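Chemist: quick one, structure for this:
(3 chains)
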Amino acid sequence: MTASENPFKAKRSWTQFRGKLGVGTFGAATYFILFCAVLIFGQIAYKGLPTFFKSEAPYVNTEFFTSNPEILRVWHDAEGNKFSMPDKDFDIWREKNPDAVILDPHALNYSAGGIAGPLVGTALLVFFCMIIALSIGISAAIYLSEYCGKGRIMSLIRLSILNLAGVPSIVFALFGWGIFCHAAPVIVDHVDERSLFAFSIGSSYLSFQGWGTSLLAGSCTLAIMVLPVIITACEESLRAVPGGFREASFALGSSQWQTIRKAVLPYALPGILTATVLGITRVAGETAPIMLTATSTDKTDMPMQALQNEGVWAFFTQSVQALPFHIYTLAKLPDDPLSKPMQNGATFAFLLLVMGFAFISIVLRNRVRKKLKW
Amino acid sequence: MLRFRLLYLQIPAVPADKPTNKPAPSFKGKRGLRLMGLNITTDGVVKGFFGGNAYLAILALLFICVFLLKSGLGFVPGYRVELSEARVSGIELTNRVRYELTGYKALLARVNQAFIAEKRHLFSDEESAIYLYEEFEALIDDEFEEDIEQYVDLDDGAEKEAASVKLRADIATACSTISEKQLLLSLARRLPDLKKISPEARQQALTLAQEYALNDAETPDAVAAISTRISQEMGTFNTAIQRIKSAGKPLSQLEATLTRQTEETDRILKLNRQTSGSILALEEGLKKAHKRDEPSETITAIEDRLKKSRGSFIEIDTEALIQPVYQAIQNHDLIVDTLVSELAAAFDTLPSEFENKQVTATINEARQLNGELAVIIAKQKENINAWRHDKDVNLSNALTAFFFGSEWQTGSPWQNVYGLMPLFTGSLLVASVSLLFAVPLAIGAALYVNQFAHKREAALIKPGIEFIQAIPSVVLGLFGVLVLAGLLKEWSHSPLLSWIPGFPITERLNVLLAALLLAFMAAPTIFTLAEDALNNVPKAFTEASLAMGATKLQTAIKVVLPASISGIIAAIMLGFGRVVGETMVVLMVAGNKAKIPEFSEGLGVVGQPVHTMTSIIAQEYGEVTEGSLHWQALFMVGLVLFTISLVINSTCQRVLNRKTR
Amino acid sequence: MKHISSLTAHAAVIAGLILSPTNLVNADESKIDIKGSDTLGAKLVPQLKNAYVKDHPSVKIDILAQGSSHAFSNLDAGTADIGMSSRKVKQQELDKFEAKGKALVEHVAAWDMIAVIVNETNPVRKLSLTQIEGIFTGTITNWSEVGGPDATISVYTRNTSSGTYKSFSKLAMSKKDYGTNCQKLEGNQPIVTEVTKNANGIGYVGYAYAKGDGFKTVKVEGVSAKVSKIAEYPLARKLYYYTVGEPSGEAAKFLEWATSSDTASNIVAEIGFIPTPVAQKAMGTLTK
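Modeler: Sure thing, here's the model as predicted:
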């Protein structure tokens, strides 16, 4: 053994080797999870991206985002050349080429056009859900953090909110389906048979017969589902506002409501915004609740048309297409290469949408945490 | 976005925000609105409004509880009624006989399989001839259908003679175009021992195929004759199998008789129940309509329907209808006793060893099944003799039937059975297997990020993993069906991985696939919560440990991990809750087979498809009508899920609270 | 009080919406809600709808296709105008309508044949009804029992709300219960996919799905699933539209068009079903 120059030089011991091995294993586990995520995301992006673009200018497939799902007509001519075009183009083409030979024609559903209907449907569901959830959620959070102290009832409320957060979405779906679709109150001229009970108010009846598969039922179900997330996150951000702000405000003689409005809410707003985005992330990705309460597979109109033609109530009680459910429908399409672009495109668009919100929420939260250090 | 930025900028400037415009607050308490003797101030109203919203949350939880309970618990008495109808009509008794019959059929199937394996082992040449004939026949059907029709339509004579020669020749040419290799490929699946097709077999098949065509596409008798001849030449085995087959006939007949007797009674009972329900509802409606002074058309319409409804009520005498059932069942003891002795005798004639090892193994399995069948029959005999149609079905029977029932059979033409066990075990199995993957990965990652990773690295990893949480389940499900399912099956057939339990898997959709995808969903949840728990360990612990000369790894595993164990357990439990409640992924990839997984296969159970509680709701919600028993059953399943999540959550709260205290 | 009103505004709006006096069910006469069978609703009805809406732009049609049982539960609940069903209404369901004094009217949409499919490598080319019954009730569990290789059978069926599930039970299984070894899949295509990818798989699909690579249809009782053989094929069935009472308004017009016009017949044939006139002709030639 030669004399070592540095007596403090680390010795290569078994313990150290084990330490390195252990750390390496943990690191590997971490990166394995991330690697899987990248792999899945990459696979979906790789397959989905081509749908977003097209070969000629303007290179972006705007039609994919602006038109409804359509039927794709497929056939070949006598020479074996294959043709495929969306249904509406086919009619024009047919008029122009009345003599064209069409052999083995068949049609693929939802394989042309775009995802505008489902996209709008999802947007509406999320929008109304968030309106309901935020108005209830923020108020509840304000009450929990500003008004009530500690007590049995308060801890019970908190406990129930936390418990609500853990309930599976399918249970919310079942609940929403039972309550909103089948038992919610509505004013009608004629009481439907399925009504649970009804009583008359003036010339019409208040009947508990539910809203059917509808935008409103879906939004309410999602709202109840996301409420715990919103309340918890909002309360957290309200509590993060230093007590000094409130004390200062009270010292100036403000009432509690003035204090909340002027000295607390403005500073909790970034946090509340984060909570909102977090809520959107959770809601937009859900399939089961809207499958039971809000969606239809195929729909002629865009949801907005109902508003113009039939009024507000019809707008809220119409069923809508939704992107996650549309993907589920697309998943059951025949294994035709011509159906794939829509399937992959819709999946990627949906993933991008939800991940976008997730990204915003994470960035926002990190900024809020960084900034809000008093 | 701009406004948002401004908000941030405003944060430090608290009081500077236009306070001067407002008049100085007066210290005099504002007089609120006086209403009904109460002093309603703005603050009071605001507080009330906020408070009301907060209570809405607890109300929501309560409401969900009540609603699920209300919708679900109606199930138990409802199921009791249905079960007692099954008893009164004799369906229950028939089920018991069917249970015996199922046992017998399983045994018969085994013996059959052994018989076929032996046959194929001994007569591979004939078997391949028949197989080739079938291939040729399919070819002829595809190519010569019209020719055959034309040929058959011809009148007898020279012309037909010439056509027959031509047809024969065409068929021979067509058949010869299929290559030997192509034929052998799928034939080898049927007869694994076969290495090449003999020319005789090929010729024989061709002749048979030609005969098939010339005979107006009728399967020639010769084909059946070959099978019969082979069977006869099997000697003792053939006799034994014939004996086993005929032994079961009386039992099958008994089952058929019982089915016939009981089915109609049950249907009428159900119809009457529905009818009386609607009669009540319609009568109620009629009363209300009179009260409301509705137009006479409405009232006549209701009266009309009431009349129709009353008309569809059928008076039956269940006591009289059950008598033939009792009569039929009298023979049961005799039938099963003969069955048992016949089976034993038949098995005695079979040799204990066959040339082919596989046949020996299958026969041994059949023998074992025979033993089990004898036990089943002995037990059912008692059950059947003790059975009375007028014995009361009580609520606890219905509850047990739901919670411990081993079958979930809906949309059945016979009897809908709601047994939770297959779904419950399925959910549990998928969730536990997924945690098996998720927990080590997530905890490992949490330790790494918390203890070893560089600050900047951690700042990148943490949001990265949290990001995964947002991947929508339907997207993961789709990924599972389209990509991972195929890959997993392919990998499972690789010899390198054959040591993994359950490999090679035959079903594309199975527990393992679902578990892998769910693990991916649960890992971020567990990671985040576990990381929080690790963070809560006081710095002093770590420092003390390091000062004692422990390495970082030793500190992490022996000091930090135990100190945060309660938090980590809570994290795992919450992860479990998340996985149990997941719907879309399991619906799409778990295979939806409503059968209790066969745990006898050991760890290989992960290769089986299962059904889960969440996916049964998603799969069957649409077919139920409001308030029906099936609807209530689904709510019961929802209630079970709800209870599981409540238990998990409140336990976790308790664990975490104890920690912080 | 101003603040309160602004805060409670949303609540008032929602309350107003709930309480606005309108008719929920069929507020709009020109809208047709079609619900039910996946066999009809996945391919045929969307394309019929497309063609119909071209000529009648004022009509709106919404489709939800998740299984035939949906048709009856929704007709019963009043949430559908037309029910699509790939099977005849069950006695139990009919009882429900009758008990309430309602009449259910049946319209034949098209003919279909349920094709039994196996993997293309499977040497089995034909099955008898008894064998099919055995396989799907779970008493035959090994391919060798029906002339195939020595391998366990993987059975794929539709889910319970599907009409094909029940039609098949009626036509091929003498109304017996499915065995517990069945995997219940959502839709025809998932069955095709699984059978294509599992050498030991067997399943059944509507005729429209019976063409493709990787699987083959087996002959049932010696008859292959072909349009010309519809009279002899044991698993041929009718597909139905159902309405509560005689249809009226737009629903009636649509049904009339969908069941009898040439355009609709062409679409039906293109999809892979058999238009009623063609089927009747084929049945006629046989009986003569």
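Chemist: now what about stretch A:233-249, what contacts it?
Modeler: A:137-138, A:141-142, A:144-146, A:258-259, A:262-264, A:267-268, A:270-272, A:274-275, A:278-279, A:368, A:372, A:374, B:14-15 (CB atoms under 8 Å, 6 or more residues apart in numbering or on different chains). All C-beta spots, glycine's among them, are computed from the backbone N, C-alpha and C.
Chemist: quick check on those: which are buried?
Modeler: Buried members of the contacts of stretch A:233-249, counted by 16 or more other CB atoms under 10 Å in any protein chain shown: A:137-138, A:141-142, A:144-146, A:258-259, A:262-264, A:267-268, A:270-272, A:274-275, A:278-279, A:368, A:372, B:14.
Chemist: which SS state does the spatially closest residue to A:Asp87 that is not a sequence neighbour fall under?
Modeler: Leaving aside its chain neighbours, A:Asp87 sits nearest to A:Ile71 (4.3 Å; criterion: CB to CB, 6 or more residues apart in numbering or on different chains). A:Ile71 carries the three-state label strand when classified by DSSP: H, G, I helix; E, B strand; the rest coil.
Chemist: confirm for me that A:Ile71 is in contact with A:Ala112.
Modeler: Yes. In this structure, A:Ile71 is within contact of A:Ala112 by CB atoms under 8 Å, at 6.5 Å.
Chemist: and the end-to-end length of stretch B:488-505?
Modeler: 9 Å (CA to CA, to the nearest Å).
Chemist: pull the distance from that stretch to the chain's centre.
Modeler: 23 Å (CA atoms, centre = their mean, to the nearest Å).
Chemist: so is it next to chain A?
Modeler: No. On the criterion CB under 8 Å from any CB of the partner chain, stretch B:488-505 is out of touch with chain A, staying 13.7 Å away.
Chemist: how about that stretch: buried residues?
Modeler: Neighbour counts using 16+ other CB under 10 Å place B:Leu488, B:Lys489, B:Ser492, B:Ile500, B:Gly502, B:Phe503, B:Ile505 of stretch B:488-505 among the buried residues.
Chemist: hang on, the earlier thing: any residues in contact with both of A:Ile71 and A:Ala112?
Modeler: A:Pro86, A:Asp87.
Chemist: who's more crowded, those two?
Modeler: Set side by side, A:Ile71 and A:Ala112 show more neighbours around A:Ala112, with 27 against 22, by other CB atoms under 10 Å in any protein chain shown.
Chemist: list the strands paired with whichever strand or helix holds the more buried one, with their directions.
Modeler: Element membership of A:Ala112 [criterion: DSSP states H and E] is strand A:103-113. The pairing partners recorded for strand A:103-113 under DSSP bridges are strand A:69-76 (antiparallel).
Chemist: circling back to that earlier point, what are the buried residues along the strand holding A:Ala112?
Modeler: A:His106, A:Ala107, A:Leu108, A:Asn109, A:Tyr110, A:Ser111, A:Ala112, A:Gly113.
Chemist: nearest to chain B among the residues you listed?
Modeler: A:Tyr110 (14.3 Å; CB to the nearest CB).
Chemist: ok, for that closest one, nearest residue in space, not its chain neighbours?
Modeler: A:Pro69 (4.2 Å).
Chemist: tell me who's in contact with the one you found.
Modeler: By CB under 8 Å, 6+ apart, the contact set of A:Pro69 is A:Asn109, A:Tyr110, A:Ala112, A:Gly113, A:Gly114, A:Ile115, A:Gly117, A:Pro118, A:Asp298, A:Gln321, A:His326, A:Met342.
Chemist: quick check: the farthest pair among those residues?
Modeler: Greatest spatial distance in those: A:Ala112 and A:Gln321, 15.6 Å, computed using CB to CB.
Chemist: what segments of chain A are strands?
Modeler: A:69-76, A:82-86, A:103-113, A:185-188, A:198-201, A:204-208, A:298-299 (DSSP state E).
Chemist: how does chain B divide up, domain by domain?
Modeler: B:33-69, B:104-247, B:249-393, B:427-660 (automatic domain parsing).
Chemist: is the longest one anywhere near chain C?
Modeler: Read it as domain B:427-660. Yes. Domain B:427-660 is in contact with chain C by CB under 8 Å from any CB, via B:481, B:485-486, B:489, B:506-509, B:587, B:591-595, B:609, B:611, B:619-620, B:622-626.
Chemist: residues of the stretch 1-150 of chain B that sit close to chain C?
Modeler: Contact residues (CB under 8 Å from any CB) of the stretch 1-150 of chain B with chain C: B:42, B:45-46, B:49, B:102, B:105-106, B:108-109, B:112-113, B:116-117, B:120, B:131, B:134-135, B:137-138, B:141.
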